[in-house]
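In: quick check, what structure comes out for this input:
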Amino acid sequence: MIKAGDFLAPCSALGYDFFTGTPCSYLKPFINYVIDHEAFNFVGATNEGDAIAMASGAVLAGGKSVVMFQNSGLGNAVNPLTSLAHTLQIPLLLIITLRGEPGGPPDEPQHQLMGPITLSMLDVMRIKWEYFPNRPDEIDAALNRADSYMEAEGLPFAFVMRKNDVEPYELKSPKNDRTFHFECMRKESFAVPYNQRSTREDALRVIQGISDPGSAVIATTGFTGRELWALDDRDNQLYMVGSMGCALPLGLGIAINKPGMRIYVVDGDGALLMRTGTMATVGAYQPGNLVHILLDNEVHDSTGGQRTVSDGVSFSTVATGFGYRRTFATDNLDALADFLQTTFEEPVFIHFKTRKGAMTNLGRPSVTPVHVKERFIRYLQNY
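Out: Numbering: from 1, shown residues only. I've put the predicted structure just below:
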């Protein structure tokens with residue numbers, strides 16, 4: 001058994017300063033220690049997949065990230081681990097607890113299946129792993145092996161933590177109370193019949209027109225990223241592939257770690273409905289440089305035009321409830337352009353209604369996802 005600081009101090013020395021994840025009783029000493037010490041930045045996630053995406057954003061912004069969660073939540077993380085971190089080659093240090101360990105201490109019924117299959121799942125996902133070092137003389141070598149592997153391969157590495165690997169550590173930091181009551185500007189105005197709405201292409205042209213040097217654009221998976229690339233492929237644009245719903249947590253991770261840059265996240269209705277919880281994290285941490293733009297055509301456009309349920313959702317009301325201090329909803333292209341040119345000092349949510357349909361003869365990016373990531377990292381390094 002080790003103390004939390006025995007592992008986290010050398011972790012900090014290697015540059016791991018951004019921590020995120022979801023709680024587990026095995027992780028309690030680590031999470032509490034990280035919250036208590038200013039060397040670390042801990043951002044709580046609403047689920048394990050969002051934590052992977054948020055940590056990936058922090059890595060793109062030049063940091064090193066640690067993601068901690070219980071193995072029962074590994075299923076939530078499979079999608080971004082396989083289609084985001086693996087596809088873009090993003091190194092993340094994972095600490096995953098082994099609840100329901102075969103031959104281990106008795107545990108709750110919900111761990112009876114996940115316990116025996118956790119290590120096999122990591123193997124199937126081609127995630128290199130070791131058991132967590134639970135002796136002080138093992139820590140430095142284990143961390144150096146993990147760090148060297150991630151630097152060489154550009155892929156995640158997992159430590160699997162068992163019960164009683166870490167001594168208890170009680171949280172000492174006072175609770176920072178956040179109040180829900182604040183002034184919020186919300187405007188919502190939809191007047192255009194569906195078939196007369198602007199296209200996604202129209203909206204993307206407006207967004208590219210205001211995303212000046214010093215800003216970055218994250219485009220959700222599907223036609224959004226492909227059309228953004230087709231209109232004008234730029235170094236400050238990242239096109240999500242797979243990992244549906246992860247554009248917002250990825251952008252949030254960048255925004256927190258690049259507070260001097262304006263970060264535009266261009267979302268889709270199906271994607272946002274899939275991972276709405278990150279909006280609560282945005283509201284809680286209030287990154288003043290984040291502009292969250294939802295292009296809502298009420299369908300899954302790139303998979304055949306199947307309807308989503310967004311036609312019955314007031315996303316600006318949802319955003320207000322989650323704590324965005326400035327929200328705007330419209331189907332008027334000029335109004336969108338005017339609003340985007342406003343100066344903001346708080347996270348902004350924009351709900352823009354479009355009609356379905358993509359550009360004629362829309363192709364796929366001729367640049368590889370890894371190339372897009374690498375040039376995007378170089379771009380962020382200049383600001």
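In: so I210 sits against L340, correct?
Out: Yes: between I210 and L340 there is a contact at 4.8 Å, judged by Cβ atoms under 8 Å. Just so you know, the C-beta spots here come from the backbone N, C-alpha and C atoms, and that holds for glycine as well.
In: between the two, who's got more neighbours?
Out: L340 (20 against 15; other Cβ atoms under 10 Å).
In: dump the residue contacts of that one.
Out: L340 makes contact with 206-207, 210, 291, 350, according to Cβ atoms under 8 Å, 6 or more residues apart in numbering.
In: mind giving me the ChimeraX command for buried ones among those?
Out: Applying 16 or more other Cβ atoms under 10 Å to the contacts of L340, the buried members can be selected in ChimeraX as follows:
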select :206,207,291,350
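In: what sits up against stretch 22-41?
Out: Against stretch 22-41 from outside (Cβ under 8 Å, 6+ apart): 3-5, 7-8, 12, 17-19, 21, 42, 44-48, 51, 68-70, 73, 95, 97, 99, 161-163, 165-173, 256.
In: go on, stretch 277-284?
Out: 43-47, 50, 54, 178, 248-249, 252, 272, 290, 292, 318-319, 322-324, 347, 349.
In: now, of those, which are buried?
Out: When the contacts of stretch 277-284 are checked for burial by 16+ other Cβ under 10 Å, the buried set is 43-47, 50, 54, 248-249, 252, 272, 290, 292, 318-319, 322-324, 347, 349.
In: just those residues: which are in strands?
Out: If you go by DSSP state E, the buried ones among the contacts of stretch 277-284 have 43-44, 290, 292, 349 in strands.
In: pick the one among the residues you listed closest to G268.
Out: H292 (11.9 Å; Cβ to Cβ).
In: need the contact list for the closest one.
Out: If you count contacts by Cβ under 8 Å, 6+ apart, H292 has them with 248, 251, 265, 267, 279, 282, 319, 324, 347-350.
In: let's have those residues in TSV, adding pLDDT and distance to M125.
Out: Listed next are the contacts of H292 as TSV, based on pLDDT from 0 to 100; distance: Cβ to Cβ, whole Å:
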residue	pLDDT	distance to M125
L248	98	23
G251	98	24
V265	98	26
D267	97	26
M279	97	28
V282	97	28
A319	95	33
Y324	94	34
P347	94	33
V348	95	36
F349	96	33
I350	96	35
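In: of those, which pair is most distant in space?
Out: G251 and A319 (14.6 Å).
In: all strands of the stretch 101-250 of the chain, in order?
Out: According to DSSP state E, counting those that start in this stretch, the stretch 101-250 of the chain carries its strands in the segments 128-131, 157-161, 185-189, 215-219, 237-239.
In: what's the second one in contact with?
Out: When contacts are defined by Cβ under 8 Å, 6+ apart, strand 157-161 is touched by residues 26-27, 71, 91-98, 118-119, 122, 127-133, 142, 146, 149-150.
In: what strands flank it, and is each parallel or antiparallel?
Out: Paired strands of strand 157-161, with direction, are strand 93-97 (parallel), strand 128-131 (parallel) (DSSP bridges).
In: make TSV from the ones you listed and add mean neighbour count and mean pLDDT to it.
Out: Shown next, in TSV, are the strands paired with strand 157-161 (neighbours: other Cβ atoms under 10 Å; pLDDT from 0 to 100):
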stretch	mean neighbour count	mean pLDDT
strand 93-97	26	98
strand 128-131	16	98
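In: out of those strands, which is closest to Q381?
Out: Judging these by Cβ to Cβ, what sits closest to Q381 is strand 93-97, at 21.1 Å.
In: mind checking how far that closest one is from the chain centre?
Out: Distance of strand 93-97 from its chain centroid, counting by Cα atoms, centre = their mean, to the nearest Å, is 17 Å.
In: can you check stretch 105-125 too?
Out: 25 Å.
In: what do you get for stretch 373-383?
Out: Relative to its chain's centre, stretch 373-383 lies at 18 Å (Cα atoms, centre = their mean).
In: just stretch 36-52 next, same as before
Out: The chain centre lies 11 Å from the centre of stretch 36-52; the measure is Cα atoms, centre = their mean.
In: ends of it, how far apart?
Out: Start-to-end span of stretch 36-52 (Cα to Cα, to the nearest Å) is 22 Å.
In: isn't D267 right up against V291?
Out: No: counting by Cβ under 8 Å, D267 sits too far from V291 to count as a contact (10.8 Å).
In: in the sheet, who's paired with the nearest residue to G225 once chain neighbours are set aside?
Out: Nearest residue to G225, sequence neighbours excluded (Cβ to Cβ, 6 or more residues apart in numbering): Y239, at 3.3 Å. Here Y239 sits in beta bridges with A219, going by DSSP bridges.
In: low-confidence ranges, the stretch 101-250 of the chain, go.
Out: Within the stretch 101-250 of the chain, the segments meeting pLDDT under 70 span 175-187.
In: for it, which segments count as helices?
Out: Ranges of helices in the stretch 101-250 of the chain, per DSSP state H, counting those that start in this stretch, are 114-124, 136-153, 200-210, 223-231, 247-257.
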